[in-house]
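Enquirer: mind looking at a prediction? Sequence and model below.
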Amino acid sequence: MATAPDQPAVELDRAGPMPLLGFGTWQMTGARCQAAVGHALEVGYRHIDTAAMYRNEREVGRAVRDSGVPREQVFVTTKLPPGDAGRERRTLDSSLRALGMDYVDLWLIHWPPRDRALVPTWKELLAVRDDGLARAVGVSNYSVAQLDELRAATGEAPQVNQIPWAPSLYDAALLDEHRRRGVALEGYSPFKNTDLRHPVLTEIAAHHGVTPAQVVLRWHLDHQVVVIPKSATPERIAANFDVFGFSLGAEELGRIDGLSSSGRRR
Ligand SMILES: NC(=O)c1ccc[n+]([C@@H]2O[C@H](COP(=O)([O-])OP(=O)(O)OC[C@H]3O[C@@H](n4cnc5c(N)ncnc54)[C@H](OP(=O)(O)O)[C@@H]3O)[C@@H](O)[C@H]2O)c1
């Protein structure tokens, strides 16, 4: 449960710290994935995001083992494919076998399953958590209304909701809705949804002597939003982790927030 003590983290109820900066692994498989995760652990990431659907859990597990970093210092997330609703335990068993681990730190439902499976699937995740196979459980791509439906049915809201997030998608009200419910917002695709040549980002980057990509990641951290950039490129893997030596002022944060074009998404 103890992750590297010097990394900013969000405290998950009963599950301990989840590092705000993690490493995404979608669209990387085989040796390429193993090498990238190995490099990420070497430069300091202690949070890895995978999913059964990514078909790379085996390589993620190998990279963690080969890194020499103690298992309990790495926060590992995997996800249940919505098509496996009704086969939750079998699916997690198979993820754990592939990872070569006896628990994951966070297990998410990757997308909402069909309507009538919404609550039963969540109940299974809670049961699996109570059995110690996942330290924390949550969801991904859920609306606030769906979070509320799960809490109303079980008394427990998901600990995390992993959703697309980037300056262009910034939605203060949506962030607030998560905070008020005690649900940690974990953002995905920080770069795919960003124009890294936007003058607001390039100006702020120049001011701090960093890159626009580093500004985007720092913006997440300064908002206390979890971010999981993916890269297969060693230099980018390292640069994306090198964001702890500066921080953004309130005025800079406000300018980046202002890049949002999405409006409310609930
Ligand atoms: N729950 C869900 O439904 C869901 C959906 C999507 C993603 N995710 C998770 O979130 C993670 C991140 O999202 P993502 O992979 O969609 O997109 P992303 O991290 O926003 O972007 C990855 C792309 O950005 C490039 N890149 C990385 N660092 C860069 C830098 N410093 N400067 C410029 N370009 C850079 C990468 O290129 P190279 O690899 O060539 O360096 C890659 O093409 C995923 O890997 C996955 O773990 C979850």
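Expert: That came through fine. Residues are numbered from 1 along each chain as shown.

Enquirer: which SS state does residue 259 fall under?
Expert: With DSSP: H, G, I helix; E, B strand; the rest coil as the basis, residue 259 sits in coil.

Enquirer: ok, and the closest non-adjacent residue to it?
Expert: residue 167 (4.1 Å; C-beta to C-beta, 6 or more residues apart in numbering). (C-beta placed from N, C-alpha, C; glycine too.)

Enquirer: go on, residue 160?
Expert: Among residues not flanking residue 160 along the chain, residue 138 sits closest, at 3.3 Å (C-beta to C-beta, 6+ apart).

Enquirer: equivalent analysis for residue 63, please.
Expert: residue 37 (3.6 Å).

Enquirer: again with residue 40
Expert: residue 23 (4.2 Å).

Enquirer: contacting residues for the one you found?
Expert: Shown in contact with residue 23 (C-beta atoms under 8 Å, 6 or more residues apart in numbering): 36-37, 40, 45, 47-49, 228-230, 237.

Enquirer: and residue 115, what's its pLDDT?
Expert: Listed pLDDT for residue 115 reads 88.

Enquirer: for the residue of the stretch 1-150 of the chain found nearest the ligand, which residues make a bridge with it?
Expert: Residue nearest to the ligand within the stretch 1-150 of the chain (C-beta to the nearest ligand atom): residue 24, separated by 2.4 Å. On the basis of DSSP bridges, residue 24 is bridged to residue 49, residue 230.

Enquirer: and it, what pLDDT?
Expert: pLDDT at residue 24 comes out at 98.

Enquirer: endpoint to endpoint, stretch 145-162 covers what distance?
Expert: Chord length of stretch 145-162, first to last residue, is 15 Å (C-alpha to C-alpha, to the nearest Å).

Enquirer: can you narrow the contacts of residue 23 to ones near the ligand?
Expert: 49, 228-230 (C-beta under 6 Å from any ligand atom).

Enquirer: put the buried members of the residues you listed into a ChimeraX selection.
Expert: Restricted to buried positions by 16 or more other C-beta atoms under 10 Å, the ChimeraX selection for the ones next to the ligand among the contacts of residue 23 reads:
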select :49,228,229,230
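
Enquirer: among the ones next to the ligand among the contacts of residue 23, which one sits closest to residue 199?
Expert: Nearest to residue 199 among the ones next to the ligand among the contacts of residue 23, counting by C-beta to C-beta, is residue 229 at 21.8 Å.

Enquirer: what sits closest to that closest one if chain neighbours are left out?
Expert: That would be residue 240: by C-beta to C-beta, 6+ apart, it lies 4.7 Å from residue 229.

Enquirer: return the set of buried residues in the host helix or strand of that neighbour.
Expert: Secondary structure here is read from DSSP states H and E; on that basis residue 240 sits in helix 234-241. The neighbour-count check on helix 234-241 (16+ other C-beta under 10 Å) flags 236-241 as buried.

Enquirer: tell me how far that helix lies from the chain's centre.
Expert: 17 Å (C-alpha atoms, centre = their mean, to the nearest Å).

Enquirer: which elements pack onto it?
Expert: Other helices and strands packing on helix 234-241, by 3 or more C-beta pairs under 8 Å, 6 or more residues apart in numbering; DSSP states H and E, are helix 30-43, helix 212-222.

Enquirer: possible to save those as JSON lines with mean pLDDT and mean neighbour count?
Expert: Listed next are the helices and strands packed on helix 234-241 as JSON lines, based on pLDDT from 0 to 100; neighbours: other C-beta atoms under 10 Å:
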{"stretch": "helix 30-43", "mean pLDDT": "98", "mean neighbour count": "19"}
{"stretch": "helix 212-222", "mean pLDDT": "98", "mean neighbour count": "23"}
